[in-house]
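Engineer: can you look at this prediction? I've put the sequence above it.
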Amino acid sequence: MRYSLAIMALLALSLGCSRTGGSSLTKAEKALIDGSGPVMRVLTIADRKDSLFLRKACADFSDRDLKTKRYQALAGKMVTTVTDPSQDGVGIAGPQVGLSRRIVAVQRFDKEGEPFEVYPNIRIESLSGDVVPGAEGCLSVPGLRGMVPRYTKVVISYKDASTLRTVRDTVEGFTAVIFQHETDHLDGILYTDRADTLTAYSY
Ligand SMILES: [Zn+2]
């Protein structure tokens, strides 16, 4: 089990996009960010077009795009969306708001005040520790919960949007699980692909 998970993780990484420079935002992507209100529409697998979009591998942001007010607006809107009472999630990824870009917002339960933070061009560099099953749900998969085996420790890398430097961070516990769930989205993987069991859930 542990071995096959490691293979899957490696596969996910290899399916990701090149590390060297990202492509510029397209006209349609700019229009999506600019035209959205503070709470963005969340794509779900209930819609066929959305579900195909959620399976796409994402591209990195270009350095130039990371320095824009538009990028800051996107980061703010993703946090507003995931924290909105209609969603009330602990993390959200670019494809979930209709953007096939490597970006996630994650609630850092391992930090004082449990803030949401946004990570562009993020990747998981390594997975370690035990593999432990835990309950997960997803804003894009309404009405389901599942038990998913995840590593207890991850090393992430991402681009600091203000310095444009690549930053590495080691994360453990529940927050490490959120990072694994959200970065999976960037490779078109949903937690239902990895779940041992799935059960219907009503709010
Ligand atoms: Zn999700």
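Structural biologist: Received the coordinates, thanks.

Engineer: contacts, neighbours, all on C-alpha from now
Structural biologist: OK.

Engineer: next one: the strand or helix carrying residue 192 to chain centre, how far?
Structural biologist: For residue 192, the host element (DSSP states H and E) is helix 191-194. Taking C-alpha atoms, centre = their mean, to the nearest Å, one finds the center of helix 191-194 at 14 Å from the center of the full chain.

Engineer: cool, and stretch 42-53?
Structural biologist: That offset, for stretch 42-53, works out to 16 Å (C-alpha atoms, centre = their mean).

Engineer: spatially speaking, which residue is in the middle of this protein?
Structural biologist: The centroid of the chain falls nearest to residue 182 when counting by C-alpha atoms, centre = their mean (2.8 Å).

Engineer: ok, it touching residue 91?
Structural biologist: Yes. Applying C-alpha atoms under 8 Å, one finds residue 182 in contact with residue 91, separated by 6.6 Å.

Engineer: ok so residue 45 is a strand residue?
Structural biologist: No. Secondary structure of residue 45 (DSSP: H, G, I helix; E, B strand; the rest coil): coil, not part of a strand.

Engineer: how many other residues sit next to the residue nearest to it when sequence neighbours are not counted?
Structural biologist: Nearest non-adjacent residue to residue 45, counting by C-alpha to C-alpha, 6 or more residues apart in numbering: residue 51, 4.3 Å away. Neighbours of residue 51 under the rule other C-alpha atoms under 10 Å: 17.

Engineer: tell me which element residue 51 is part of?
Structural biologist: Using DSSP H and E, residue 51 falls within helix 48-53.

Engineer: that helix packs against which elements?
Structural biologist: Helices and strands touching helix 48-53, by 3 or more C-alpha pairs under 8 Å, 6 or more residues apart in numbering; DSSP states H and E: there are none.

Engineer: now what about it, what contacts it?
Structural biologist: Helix 48-53 is contacted from outside by 43, 44, 45, 95, 98, 100, using C-alpha atoms under 8 Å, 6 or more residues apart in numbering.

Engineer: got it, and stretch 155-167?
Structural biologist: Contacting residues not belonging to stretch 155-167 are listed as 63, 66-67, 119-127, 168-171 [C-alpha under 8 Å, 6+ apart].

Engineer: check stretch 181-198 too.
Structural biologist: Contact with stretch 181-198 is made by 12-13, 15-16, 54-58, 91-95, 100-104, 106, 122-124, 136-138, 144-149, as judged by C-alpha under 8 Å, 6+ apart.

Engineer: can you flag the buried ones in those residues?
Structural biologist: Buried subset of the contacts of stretch 181-198 (neighbour count, 16 or more other C-alpha atoms under 10 Å): 12-13, 16, 54-58, 91-95, 100-104, 106, 122-124, 136-138, 144-149.

Engineer: okay, and which of those map to strands?
Structural biologist: 91-93, 103-104, 106, 123-124, 136-138, 144-149 (DSSP state E).

Engineer: please identify the buried residues of stretch 171-190?
Structural biologist: For stretch 171-190, the neighbour count (16+ other C-alpha under 10 Å) marks 171-172, 174-190 as buried.

Engineer: all set now, cheers.
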